[in-house]
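**Student:** Provided below are the primary sequence and the corresponding predicted coordinates.
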Amino acid sequence: MNKLSYLLKTSRFLYAVYFYLMSGLIRFLGLFVRIDDKLILFNCYGGKKYDDSPKAIYEEMLRDERFAGYRFCWALQSPSSVSVPGPASIVRSDSFKYFLMTQKARVWVTNSSMERGLDIKKKKTFCLNTWHGTAIKVMGADIKSDNKSFKSKVLVRADVMCAQGQYDVDTFSRCFCLPVSSLRITGLPRNDALASCSSVSSIRSSLGIPSDKTVLLYAPTFREYTKGDSNEIVLDIPMTLSKWQSSLGDRFVVLFRAHYEVARHMNISGYPMFIDVSSYPDLNELMLASDALISDYSSIYFDYSVMHKPMYCFAYDYDDYKKNRGMYLDLKSELPCEIHFFESSLIDSLMCFSSERSALSARCAEFQSKYVTEYGNGASKCCDILMDEVLS
């Protein structure tokens, strides 16, 4: 399956054959499958995880008595390796049973796509798409035609898509070709936990972090245009780890969160101040446990801003990224922090963390008030939308 997925992502011809053949077959199957008004189908990142906003919505439904009597199904690529609480049934993504469920479920809840690059959504099927972050990098219909990650023949489906603020409404409606009315400013359900700012001591303890250390979360995005000989996305660690250890190791711990597309290529062993949390199951816990964020072009800035903690931008390949992928925002003017193009500049700034912490936090609060105007109750708002507008 991994080899087939790789071929479909890299060959326009094979993808076209897959698209027309499989879309036709599943739509034909759907003619004989009656929609179950009590069935809700979930996936996250195409089935890679039980996580993110679909998880938050599902667990809110388990607490909401209005959903008593509804049936839930999760689609996962590796069902045996994931534990899903509650009564949900599990299907393997891309299996016959999965596609049968797409035709049967009244509601889809996803943060990416339920259709697996196909055109199989019935008219009566309602898709709640939370998406997985506010856009900095160019997406959807706005991606350049010469980008190496060619576009799906079907853009993101959503009868309702979650937004964190007006910037999301404007951006998503354009790049996903959605009517503005389908965008709802609910906040991202996955960020509800960040708004509560729960205790972090147990998280730090479980990660083995000394109580006297300042905790930095380093969470960069990937670069789809940096591919190796096998056409697999690769990314080198943009840090001189020994320099970080000698300059900052006595005061800081870095939680190193590589993007799942490139995590297997990165090795930070041998440097005590770095803790590899690339496979840690709950990103929210890492954000709560940290004192500050370091990222580059990731949507994590918007999520992290609801906690009003300092953020840093390490954009060592700014010009290349802007040219090859493109960005909606002028980071130099919009991010609530200085952009560091060089490692030495970032280290120097971190050395002044204690004295600059309050000022940086205030800038992050301003950033949040501009871009994330709604947060804290996203899951319950999504449940209200489904119950009031779809399932009632």
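**Tutor:** Received, thanks.

**Student:** all strands for the chain, in order.
**Tutor:** Remark: strands assigned in the chain by DSSP state E are 36-42, 71-76, 89-92, 105-110, 126-129, 160-163, 183-185, 214-218, 252-256, 274-276, 292-295, 311-314, 339-340.

**Student:** Need the contact partners of the fifth one.
**Tutor:** When you say that, I think you mean strand 126-129. 57, 106-112, 114, 121, 156-162, 382, 385-386, 390 (Cβ atoms under 8 Å, 6 or more residues apart in numbering). All C-beta atoms are positioned from the backbone trio N, CA, C, and that covers glycine.

**Student:** Among those residues, name the buried ones.
**Tutor:** 57, 106-112, 114, 121, 156-162, 382, 385-386 (16 or more other Cβ atoms under 10 Å).

**Student:** Identify the residue nearest the geometric centre of the protein.
**Tutor:** Centroid-nearest residue in the chain, with Cα atoms, centre = their mean: His132, separated by 3.7 Å.

**Student:** Give me the nearest residue to it, chain neighbours excluded.
**Tutor:** Setting aside the residues directly before and after it, His132 is nearest to Asn111 in space (Cβ to Cβ, 6 or more residues apart in numbering), at 4.4 Å.

**Student:** In contact with that neighbour, which residues?
**Tutor:** Contacts of Asn111 (Cβ under 8 Å, 6+ apart): Cys44, Tyr45, Asp52, Ser53, Pro54, Asn129, Thr130, Trp131, His132.

**Student:** now these in TSV, with distance to Leu100?
**Tutor:** Below are the contacts of Asn111 laid out as TSV (distance: Cβ to Cβ, whole Å):
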residue	distance to Leu100
Cys44	20
Tyr45	21
Asp52	24
Ser53	25
Pro54	20
Asn129	21
Thr130	24
Trp131	26
His132	26
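
**Student:** Mark which of those are part of helices, please.
**Tutor:** Taking DSSP state H as the definition of helices, the contacts of Asn111 contribute Asp52, Ser53, Pro54.

**Student:** Make TSV from the residues you listed and add neighbour count, pLDDT and distance to Thr221 to it.
**Tutor:** Formatted as TSV, the ones in helices among the contacts of Asn111 follow (neighbours: other Cβ atoms under 10 Å; pLDDT from 0 to 100; distance: Cβ to Cβ, whole Å):
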residue	neighbour count	pLDDT	distance to Thr221
Asp52	23	96	15
Ser53	28	98	18
Pro54	29	98	21
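
**Student:** Let me know the closest of those residues to Tyr321.
**Tutor:** Asp52 (24.0 Å; Cβ to Cβ).

**Student:** tell me the pLDDT at Ile143?
**Tutor:** According to the prediction, Ile143 has pLDDT 83.
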